[in-house]
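Chemist: What follows is a predicted structure for the sequence shown.
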Amino acid sequence: MSLVALATQHLTGLHLVAATSPSGAQAGVAADFSHDNFWIWLLKAVVIVIFMLTSVLIAIWFERRVVGRMQLRPGPNVHGPFGLLQSLADAMKLLLKEDVTVKAADKIVYIVAPMIAVFCSLLTFAVIPFGPSVHLFGIVTPLQLTDFPVAVLYILAAASVGVYGIVLGGWSSNSTYPLLGSVRSTAQVISYELSMSLSLVSVFVLAGSMSTSQIVSSQRSLWWALPLLPAFVIYVISMVGETNRLPFDLPEAEGELVGGYATEYSSMKFAWFFLAEYINMINVSAVATTLFLGGWRAPWPISAINDGMFNTGWWPVLWFLVKLWALIFFFVWLRGTLLRLRYDQFMKFGWKLLIPVSLGWVVCVAAVQGVRQFSSLTLQTILVALGVVVIVAVAVSYLIPEKTEPRTTGKVAPPGVFDAFADGYPVPPLPGQTLPPSPRRARAAAAVASVTDTGTEAQEVQRG
Amino acid sequence: MSAALLAAAAQTATTSGAEAVLFWCLAPVMVIAALGLIFARKAVHAAMGVIVVMISLAFLYVAQDAPFLGVVQVVVYTGAVMMLFVFVLMLIGVDASDSLVETIKAQRWIGWLAGLGLGVVLVGVVTRATYPPMTGLATANADSNPVGVAKVIFGDYVFTFEVVGALLVTAALGALVLTHRQRLTPRIGQKERADARVAAGGSLTPLPAPGVYARHNALDVPALDHLGRPLEESVSRVLRIRGQELGVEQFQSPALPSATQTPTLEPGTEDQA
């Protein structure tokens, strides 16, 4: 029975909620894993691990090439075609380097910390859907290792445990800079995970589920990034904070903390931290793709072709990867563009802007959803009403007279009095002040006046 | 946990074989980690013990068909609460361990007594407890586990939940009020610090790095300026005080005039040049 249901879904490209057809799928999960057997699980798990590791190698090469192009230099281009083997060579170098264990370190924690970071970062992709159900060696199975009703919370849990790797690594090194790095990392995680989870809550409210396959199937007509744009923006900002990437790479700020938490690590242990950072980058990009950008669904003009042909079979893997790499390109673009924030600015931004805005947004989404649930109004009516409210509010805000800024707050000196060395340092004139006549110009003029007849010297003076 | 296994466990309503294996793997780990919490000398090791117990508990919750509880346990307790603990503990430093000198002698006896009493009570309860067969889990989880939990929390116990929420908010506000202090001195921000640095008249830029433009790049070799003169402040102050600074003469560029002959810069001379 379920085979027939799946086959019809497969043909029409309409992946209905599995809960409607109680065929053996878990309640609250759209994907149907009931046909999977042990070796299918093993195959998927191995493919996912291989995918992660090769993606990291490509991501490092990609990042260096793109940043190189943004900085008008070629980037790695020697080893292999287009320098593709550069990151492989770097990995080999890290493998063969001397493995230093700091004598003063807390040995067990020092060795376990990078493992925690890598293992936790590998967990996320277990619940990321790469595509709908396909025929794999005669078995109909979704392109996803597993899914359950709290899959997105599981991703958050894996991420929050992974941070212990960074925190414990910095602490166990028994050195000042790593400790500072891990203290920063702790504070960063506590503050940015809040806004991250709050931005995800609005997706849960609209999709009515926390299972990844269900969320993807709920985006059939509209990707959540559009109606939930503020939540998407907040997620993108806090995902950069969560992965310690520029402009939020404070735990490893190389200009301030040498290498941050990884300062005392070398060889393979360092490589594991490095690996974890890039896997995490891919993880959060995959989560953003799945929750906000329609997951494996084809973008609009393509999705309409031939009655949704491109949303079936193996095609969705392509759309998923395109969206994933677009987000990774965004990460690289940020790195090539933005400067690192100061630590207090970063904390202020998180606590005073991101968290209140995401809280307010969740309340708004919940209110709209409540009205939808408990009244007979359609979503269109509600959206039109909300649009009218916003327009009226903007119009009213124009009627309120602008606050006249008192002009006396700045350092405005009385006109005419200009101290060029106001605080012991040469300063330009403030508004209302005029520069005193230049002594050099006066001297030059005097020289010209005195030596008008001797032409050779006058030329020199003019040059000077 | 796989869906099939969960479904099987829900239908038979007894501990399945896989669940028993999971339990007997995790239980010793949890007991060892819990003992580590008690006997660890370093506070961070104790915290790690707690983390291991929490994550293992989460596994058991998931195995018992409570995935929401299990995952939330990790997100909230391991990811946030323990992270706050670790945040505070880390500031103590890696070498710090608790002092084991007993200050109040009588506490030891009270502790032993209370511990023994708790042990007796636990043994009595555990040996007398009988577990009836599990009922109603499948119906409670019919619309997926989170929906079932939500129905209980926001349906049957909504008042309790709201009261607890109000209490927590009150506690958070109380913490804010109690730790609030009135600012007595003006806030010193980046601008004020920069002004003070300029007013102090010292070097505004970072000090020059040692070895730069010299014919050697060691830390104890002073950098040379644009005229080939050694810059004293480029070598670490510690090295200078210890007298470990290398002489500049052998590293100086031979093409330049000797270091003793320093050209004078006067404001007037530049104009004429």
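Modeler: Everything's here; your move.
Chemist: Just give the number of residues close to A:Phe329.
Modeler: Number of residues near A:Phe329 (other Cβ atoms under 10 Å in any protein chain shown) recorded here: 14. Bear in mind the C-beta positions are built from the backbone N, C-alpha and C, glycine included.
Chemist: whoops, I mixed them up, A:Ala422
Modeler: By other Cβ under 10 Å, 16 other residues sit near A:Ala422.
Chemist: Centre-most residue in chain B?
Modeler: Nearest residue to the geometric centre of chain B (Cα atoms, centre = their mean): B:Phe87, 3.7 Å.
Chemist: That one touches A:Ser185, doesn't it?
Modeler: No. Using Cβ atoms under 8 Å, B:Phe87 is not in contact with A:Ser185; the gap is 9.6 Å.
Chemist: For the residue nearest to the centre of chain B, which non-adjacent residue is closest in space?
Modeler: The shortest distance from B:Phe87 to any non-neighbouring residue, by Cβ to Cβ, 6 or more residues apart in numbering or on different chains, is to A:Thr186 (4.3 Å).
Chemist: about what we covered before: list the contacts of the residue nearest to the centre of chain B.
Modeler: B:Phe87 sits next to A:183, A:186-187, A:190 when contact means Cβ atoms under 8 Å, 6 or more residues apart in numbering or on different chains.
Chemist: B:Val53 now?
Modeler: Shown in contact with B:Val53 (Cβ under 8 Å, 6+ apart): B:30, B:33-34, B:37.
Chemist: overlap in contacts of B:Phe87 and A:Ser185?
Modeler: With Cβ under 8 Å, 6+ apart as the test, B:Phe87 and A:Ser185 reach no residue in common.
Chemist: and the host helix or strand of B:Ala172, C-alpha only, in PDB?
Modeler: Taking DSSP states H and E as the definition, B:Ala172 sits inside helix B:158-179. Output of helix B:158-179 as PDB, limited to C-alpha atoms (Å, rounded to 0.1, in the frame of the first residue of the first chain):
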ATOM      1  CA  VAL B 158      -1.000  25.300  31.600                       C
ATOM      2  CA  PHE B 159      -1.600  27.100  34.900                       C
ATOM      3  CA  THR B 160       1.400  25.400  36.700                       C
ATOM      4  CA  PHE B 161       3.500  26.100  33.600                       C
ATOM      5  CA  GLU B 162       2.600  29.800  33.600                       C
ATOM      6  CA  VAL B 163       3.200  30.100  37.400                       C
ATOM      7  CA  VAL B 164       6.600  28.600  37.000                       C
ATOM      8  CA  GLY B 165       7.300  30.900  34.100                       C
ATOM      9  CA  ALA B 166       6.300  34.000  36.100                       C
ATOM     10  CA  LEU B 167       8.500  32.700  39.000                       C
ATOM     11  CA  LEU B 168      11.500  32.400  36.700                       C
ATOM     12  CA  VAL B 169      11.000  35.800  35.200                       C
ATOM     13  CA  THR B 170      10.800  37.200  38.700                       C
ATOM     14  CA  ALA B 171      14.000  35.500  39.700                       C
ATOM     15  CA  ALA B 172      15.800  36.800  36.600                       C
ATOM     16  CA  LEU B 173      14.500  40.400  37.300                       C
ATOM     17  CA  GLY B 174      15.500  40.000  40.900                       C
ATOM     18  CA  ALA B 175      19.000  39.000  39.900                       C
ATOM     19  CA  LEU B 176      19.200  42.100  37.700                       C
ATOM     20  CA  VAL B 177      18.000  44.400  40.400                       C
ATOM     21  CA  LEU B 178      20.300  42.900  43.000                       C
ATOM     22  CA  THR B 179      23.400  43.100  40.900                       C
END
